[in-house]
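S.K.: Turn this into a structure:
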Amino acid sequence: MDSHVFDEVADVVRGMAPEGFGELQIRARRWGIKVWFGTAQPQRVHYEAQMIRRSHLDGGDGMALEIGFHSEEKDESTNQAELDVLLKHKRLWRKELGGNVESGPFLGNSKWRRVSEVWLDVDVDDPETGLEIGSRLVDYLEVLEPLRNS
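M.R.: Sure thing, here's the model as predicted:
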């Protein structure tokens, strides 16, 4: 995998992210990127695009890309409370983000919660992939962050 694809995603997010939610924080690494607002310390509640094992989805081999919102607190009820805030507005975010978005337990950790989508067969070496991932991650920021802060 081309190790700089998530650095490209970071550039896209920096250029397109909504304002008014605090200081934008980004942590890109080889297999993904985390984005949050506020303190420089990474937050357990964040937005993320990351490569995941396809076995978490359908038992298949290889990798897939997951993009969306995560609540990864240690306490499952705290994670569910974060998700419940967003579920109150499910019609809105479903309309804005589309029908491929799922909510519920995190892929690979049943205590965590997510609102996200999965892309199969992503070509991370395609020059357009960083832009596509970054702009889609910004969609989640624009749609979900106002709901979390309402």
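S.K.: Closest to the centroid, which residue in the protein?
M.R.: residue 68 (2.5 Å; Cα atoms, centre = their mean).
S.K.: Dump the longest strand along the chain to PDB, keeping only the CA atoms.
M.R.: Secondary structure of the chain per DSSP state E: the longest strand is strand 109-120. This file holds the C-alpha atoms of strand 109-120, laid out as PDB (Å, rounded to 0.1, in the frame of the first residue of the first chain):
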ATOM      1  CA  ASN A 109     -15.100  -4.500  19.000                       C
ATOM      2  CA  SER A 110     -18.600  -4.900  20.300                       C
ATOM      3  CA  LYS A 111     -18.200  -2.300  23.100                       C
ATOM      4  CA  TRP A 112     -17.400   0.500  20.700                       C
ATOM      5  CA  ARG A 113     -20.000   2.200  18.500                       C
ATOM      6  CA  ARG A 114     -20.000   3.600  15.000                       C
ATOM      7  CA  VAL A 115     -21.800   5.400  12.200                       C
ATOM      8  CA  SER A 116     -19.800   4.500   9.100                       C
ATOM      9  CA  GLU A 117     -19.600   2.900   5.700                       C
ATOM     10  CA  VAL A 118     -17.300   0.400   4.200                       C
ATOM     11  CA  TRP A 119     -15.700   0.400   0.800                       C
ATOM     12  CA  LEU A 120     -14.500  -2.900  -0.600                       C
END
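S.K.: Can you pull out the residues in contact with the helix or strand just after it?
M.R.: Downstream of strand 109-120, the next assigned helix or strand under DSSP states H and E is helix 129-148. If you take Cβ atoms under 8 Å, 6 or more residues apart in numbering as the criterion, helix 129-148 is touched by 5-13, 16-18, 21, 33, 35, 37, 47-49, 65, 67-69, 82, 85-86, 88-89, 92-93, 96-97, 115-116, 122-123. Every residue, glycine included, has its C-beta placed from N, CA and C.
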